[in-house]
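Trainee: Fold the following for me, if possible:
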Amino acid sequence: MTQKTCILIGAPVDSGKKRQGCVMGPDAYRVAGIAEALADLGHSVVDMGNLSPTEVEPPKGAPSHLIKPAETIGWTMTLCDAAQDAMKNGLPIFLGGDHSLSLGSVTGVANHAAKVGRPQFVLWLDAHSDYHTPYSTASGNLHGTPVGYLAGLDGFDGFPKVKNPVPQDQICLLGLRSVDGPEREKLQATNIHCHDMRAIDETGIARPLSGFLDLVAKAGGDLHVSLDVDFLDPSFAPAVGTTVPGGATMREAHLAMEIICDSGLMTSLDLVELNPFLDERGRTAQVMVDLAASALGRRVFDRPTRAFS
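Mentor: A predicted model of the protein is given here:
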């Protein structure tokens, strides 16, 4: 594939849910060799280090059950600016951090797309739809709200105004297998492309993914890919606090990344919800690095065979 400038942006966001540990994610990706893996593929790699959230006051009038809303708002501000700036210089890869980081990363890349006159598309690889708002989430965990925010739903008091919401028909949720009743009802009334694991079981992962990528290509759009660890089956990717059995297999996940690579459409990437405290000797971090490499050009014959004694 065409060589790119990959901009690594550490986003140690740990405010989007109660269970802690994602703060260690960015450095785990570095230890797992993400920079070296991308450089070996011929890409230029720039590591911007780890960012910090903007300091803000707690939002007035926000639901009282929300987990750390001020910190999450601060991260949204920081990451939105960082994403918009990074898009000018290459392909940003956001090293999470929990999935609330996408409140900022996606709105930032969407602002850039609007500025250069291209439509923004979002591919959400996740067991969950994350279509809540601060008012609809029963848990108070804001990592379950990014799709609602980037789509322009109301109810995000204190958060930056979404200047360029992503149209519903330019969002694809792939790999769903844990969606609560209120979210399901809301999603069924939208034009968001939703594909659960049953659809993948019935047709394979290539059909729904390729169909969405065709839409991106026809529109000449930018594509943001948001990859959550829980998209994967926990049998080989256990380091996530929201494990749901029955996820994508190793081969399905790599096939998805290879198809994304073949399309040449990806312009930005999130790697989210890695909790190294729950990992087994760095196993999940390595899987996520390998998937990022597949999305950026690695092929089966490029992977060294590992010997285990």
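
Trainee: Give the burial count for residue 55, as a bare number.
Mentor: 9 (other C-beta atoms under 10 Å). C-betas here are computed from N, CA, C, even on glycine.

Trainee: looking at this, it is in a strand?
Mentor: No: with DSSP: H, G, I helix; E, B strand; the rest coil as the criterion, residue 55 is coil rather than part of a strand.

Trainee: Please name the bridge partners of the closest residue in space to residue 118 that isn't next to it in sequence.
Mentor: Excluding its sequence neighbours, the residue lying closest to residue 118 (C-beta to C-beta, 6 or more residues apart in numbering) is residue 222, at 5.2 Å. Under DSSP bridges, the beta-bridge partners of residue 222 are residue 120.

Trainee: Against residue 7, how distant is residue 222?
Mentor: Separation of residue 222 from residue 7 (C-beta to C-beta, to the nearest Å) stands at 15 Å.

Trainee: for the stretch 201-309 of the chain, what spans make up the helices?
Mentor: 206-219, 250-263, 283-295 (DSSP state H, counting those that start in this stretch).

Trainee: and among the ones you listed, the most buried is which?
Mentor: helix 283-295 (a mean of 23; mean count of other C-beta atoms under 10 Å).

Trainee: how about the CA coordinates for it, as PDB?
Mentor: Output in PDB follows, covering the C-alpha atoms of helix 283-295 (Å, rounded to 0.1, in the frame of the first residue of the first chain):
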ATOM      1  CA  ARG A 283      -1.300 -11.100  24.600                       C
ATOM      2  CA  THR A 284      -4.100  -8.700  23.800                       C
ATOM      3  CA  ALA A 285      -1.800  -5.700  23.200                       C
ATOM      4  CA  GLN A 286       0.100  -7.800  20.600                       C
ATOM      5  CA  VAL A 287      -3.200  -8.900  18.900                       C
ATOM      6  CA  MET A 288      -4.200  -5.200  18.600                       C
ATOM      7  CA  VAL A 289      -0.800  -4.200  17.200                       C
ATOM      8  CA  ASP A 290      -1.000  -7.000  14.700                       C
ATOM      9  CA  LEU A 291      -4.500  -5.900  13.600                       C
ATOM     10  CA  ALA A 292      -3.300  -2.300  13.200                       C
ATOM     11  CA  ALA A 293      -0.500  -3.600  11.000                       C
ATOM     12  CA  SER A 294      -2.900  -5.600   8.900                       C
ATOM     13  CA  ALA A 295      -5.000  -2.500   8.400                       C
END
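
Trainee: And that helix, what does it pack against?
Mentor: Applying 3 or more C-beta pairs under 8 Å, 6 or more residues apart in numbering; DSSP states H and E, we find helix 283-295 packed against helix 25-31, helix 34-40, strand 222-228, helix 250-263, strand 266-272.

Trainee: and with 10 Å instead?
Mentor: helix 25-31, helix 34-40, strand 91-96, strand 222-228, helix 250-263, strand 266-272 (3 or more C-beta pairs under 10 Å, 6 or more residues apart in numbering; DSSP states H and E).

Trainee: between these, which gets nearest to residue 139?
Mentor: Of all these, it is strand 222-228 that lies closest to residue 139, at 16.2 Å by C-beta to C-beta.

Trainee: Could you figure out how far the closest one is turned away from strand 266-272?
Mentor: 20 degrees (axes from the mean of the first three to the mean of the last three C-alpha atoms, to 10 degrees).

Trainee: in strand 222-228, what's buried?
Mentor: 222, 223, 224, 225, 226, 227, 228 (16 or more other C-beta atoms under 10 Å).

Trainee: Reformat the residues you listed as TSV; add pLDDT and distance to residue 272.
Mentor: Shown next, in TSV, are the buried residues of strand 222-228 (pLDDT from 0 to 100; distance: C-beta to C-beta, whole Å):
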residue	pLDDT	distance to residue 272
222	98	19
223	99	17
224	99	12
225	99	11
226	98	7
227	98	7
228	98	5
